[in-house]
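**Q** what follows is a predicted protein model with its sequence.
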Amino acid sequence: TSTRDLLFRLQNRPSLSPDWLRRTKTQHLQVPTCGWECIAIAKANLKIHGDGSHRKDISEDRSSVVNKAPREMEPQHRLEGNVGRKGRKAGGMVGVNIRLRGDDPDGDVLIFGALGPEAGLVTVENTGDNEAEVYLARELDHETGTEHQILLSLTDGHLGQDNYITHSLLILVEDTNDNIPVFTELPPSVVIQEHQHPGVIAQFRATDRDSGAFGQVVYQLAPNQDAEILDHFSVSTVKSGGVLMLESELDFEVKRLYQVVVEALDRASLGEVNTAQATILVEVSDIPDQPPEWVSVAAVTRIPEDVPLFSPVGSNLPYNYLIMSTHQQLFQQTHKVLQVKAVDGDRGIKNDIKYSITGGPEHLFGINEDTGLVYSKAMIDRESADARNGAFILEITAMEVVKTGGKGLSISTEVTVIIEDVNDEIPKFKSESYVAEISENAQKNTPVTFLGQNMIPEVFDHDQGTNGTFKLFLEGDDNMFEVTPSMGINDATFMIRVKDQNRIDFEQTKVINFTIVAKEVSKKGEETRASVTIYVRDQNDNPPQFLAKKYEVTIPENIKAGAIIAKIKADDKDSGYFGTEGIRYTAITGPISSALVLDNLTG
């Protein structure tokens, strides 16, 4: 036996440099220009399996004739086709084409083959009495196997059962950029304080199953985002991970929620760069930097000047409640003039508020420091000097009570008391109806996109106290969506987002109609409704399907050219060019395919 080592590399390059070639003895290797996406190494270790004999007597009525073993194979290599494609060459195989040549002193026809557990990876095809070609029979995947060991065999049919001359062939699979990055570590949301100094606010990571530069991931902000996202945030790659940076301070009172879209990209230098996107919700938390805000204050209020003492003016409390109340409660409720309400301007903190009258006739009016209830302390005579023509101007101050003790920020306002109570209002949407869209297969918590500048997702209620507090909910959406926030005081900007993504399918439902309701939490329970129409945007998520699995056609042998012999039809559940309209009939194969013409549009 003799041994030869032969190396050849197939790579997606315009040519192969000499340092990729290694050979021993006088074996020559010629590799033309090719476009392969794998590495193959052939090591020729020639030996006889079985009893090791180079000779064996053959009795075919020639008992005196001695059969000589075939000589070692002389591989000649050429590269053809493309490993990753489905097309076929003459003979039906695709892939690496290795030409083998053997020699037999007896002139016997040589039989070439492949052995081993992975022999099915190649097809060996005799092309002459002493030549054969080896084809790669199927596509290779670097992620499932980086190398394959195959044993090439040679016999003249007279060496005995299971006796061969062999060559070992090692195929090394080189990676291609066929996998996209996948986020493995991603915080769905981040909470930061307003006015927080710039710095790192989140870390995330993605992986790519490819190797080398194809599997190395870098990160960036997704382009085409709002300018405020690009101004306030940035993304860097640090130690193979992504870092979300805060570039400038945020203000809770300006905006409370940001949807930051980050991208993971592989580092492919040639060809297409694979990318993946993910969204991180950045929630801004409040700090005590804003004074209280009035949410319920009447600039003018009216009361009868002849209000009798102990008469429940402006009060809906029953008589028995007044009798059982303490003297202070009774006095305040029976002389009620108006009630004001303020809330902490830092909505995320909600300090308690204390009220006081800091200007005006304090001997006539008082205020409950906890409730903001303004009441009359004495009989009011419109014709008296103190009445000032029946109008009084009160300065009312609301001050925050800091939870750690002490006084906080304050705000003051003036109200005119004439004779009247404050009328209640109901919650109101800024738009009577809303139209939005969502892509089918959208993930849970994905917000719908409102269409049109007039679609303002806001609701407000200018009533006082609990009368200005309302809850938001949906009716008729069949539990596919949800609204957030679920409750607001005086005003709220809402967002409708996906709750059950499995039921949003364009092929099942193209338009979804339901109602959004804003309802006061008070006993009166006033409410306002607005219609919502959601258009489901189609995605290309269905493959074409032939209408029949098999077509059988009988034609005469003398049929003329141009005659239609069959009409193949397929359909696609998607819409437009994603669906049947975009189907193209691309190929026809088979023994007589060269005599047929396929119309790409009609089939």
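**A** Thanks, I have the structure now. Numbers count the residues shown, from 1 in each chain.
**Q** so how far is L338 from L373?
**A** Per C-beta to C-beta, to the nearest Å, L373 is found 8 Å from L338. Heads up, the C-betas are built off the backbone N, CA and C, glycines and all.
**Q** so for these two, which sits in the more crowded spot?
**A** L338 (26 against 22; other C-beta atoms under 10 Å).
**Q** excluding covalently adjacent residues, which one is nearest to the more buried one?
**A** Distance criterion C-beta to C-beta, 6 or more residues apart in numbering; nearest residue to L338, sequence neighbours excluded, is T301 at 4.2 Å.
**Q** surely L121 touches Y135?
**A** No - counting by C-beta atoms under 8 Å, L121 does not reach Y135; the two are 10.0 Å apart.
**Q** where does pLDDT dip in this protein?
**A** Low-confidence segments of the chain (pLDDT under 70): 1-96, 304-337, 347-348, 380-390, 404-407, 419-424, 463-465, 576-577, 579-582.
**Q** what sits against the residue nearest in space to the middle of it?
**A** Residue closest to the mean C-alpha point of the chain, counted by C-alpha atoms, centre = their mean, is A278 at 5.4 Å. Going by C-beta atoms under 8 Å, 6 or more residues apart in numbering, A278 touches 183, 186, 204, 261-262, 264.
**Q** so which of those residues belong to strands?
**A** Among these, DSSP state E puts 183, 204, 261-262, 264 in strands.
**Q** so which of the contacts of A278 is the most crowded?
**A** A264 (26 neighbours).
**Q** that older thread, export the ones in strands among the contacts of A278 as JSON lines, with columns for distance to V517.
**A** Output for the ones in strands among the contacts of A278, formatted as JSON lines (distance: C-beta to C-beta, whole Å):
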{"residue": "F183", "distance to V517": "36"}
{"residue": "F204", "distance to V517": "37"}
{"residue": "V261", "distance to V517": "31"}
{"residue": "V262", "distance to V517": "36"}
{"residue": "A264", "distance to V517": "40"}
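**Q** quick one on the thing from earlier: could you look up the SS state of the residue nearest to the centre of the chain?
**A** What DSSP: H, G, I helix; E, B strand; the rest coil gives for A278 is strand.
**Q** so what's it closest to, chain neighbours aside?
**A** Nearest residue to A278 in three dimensions, chain neighbours excluded: F183, at 4.9 Å (C-beta to C-beta, 6+ apart).
**Q** quick one: the strands in the stretch 351-500 of the chain, in order.
**A** Secondary structure of the stretch 351-500 of the chain by DSSP state E, counting those that start in this stretch: the strands cover 352-359, 365-367, 373-376, 392-401, 407-418, 428-429, 433-439, 449-450, 458-460, 469-475, 481-484, 487-489, 491-493, 495-498.
**Q** and if you look at the stretch 201-350 of the chain?
**A** For the stretch 201-350 of the chain, strands defined by DSSP E, counting those that start in this stretch occupy the ranges 217-221, 233-238, 241-246, 257-266, 275-285, 293-296, 300-302, 336-339, 341-343.
**Q** hey, which of those is tucked in deepest?
**A** Compared across the strands of the stretch 201-350 of the chain, strand 336-339 shows the largest average neighbour count, a mean of 24 (mean count of other C-beta atoms under 10 Å).
**Q** coming back round to it: which one of the ones in strands among the contacts of A278 is nearest to D103?
**A** Nearest to D103 among the ones in strands among the contacts of A278 is A264, at 56.5 Å by C-beta to C-beta.
**Q** adding distance to K550, write the contacts of A278 out as CSV.
**A** Converted to CSV, the contacts of A278 look like this (distance: C-beta to C-beta, whole Å):
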residue, distance to K550
F183, 44
L186, 47
F204, 50
V261, 47
V262, 49
A264, 44
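**Q** for D541, give me the backbone phi and psi.
**A** Per-residue torsions, D541: phi -120, psi 10 (degrees, to the nearest 10).
**Q** so how far is V417 from it?
**A** In terms of C-beta to C-beta, D541 sits 65 Å off from V417.
**Q** give me the more crowded residue out of the two.
**A** Remark: of D541 and V417, V417 carries more neighbours, 24 against 13, as counted by other C-beta under 10 Å.
**Q** burial check on the nearest residue to that one once chain neighbours are set aside, number of neighbours?
**A** Excluding the flanking residues, the one nearest V417 by C-beta to C-beta, 6+ apart is F392, at 4.4 Å. Close neighbours of F392, defined as other C-beta under 10 Å, add up to 19.
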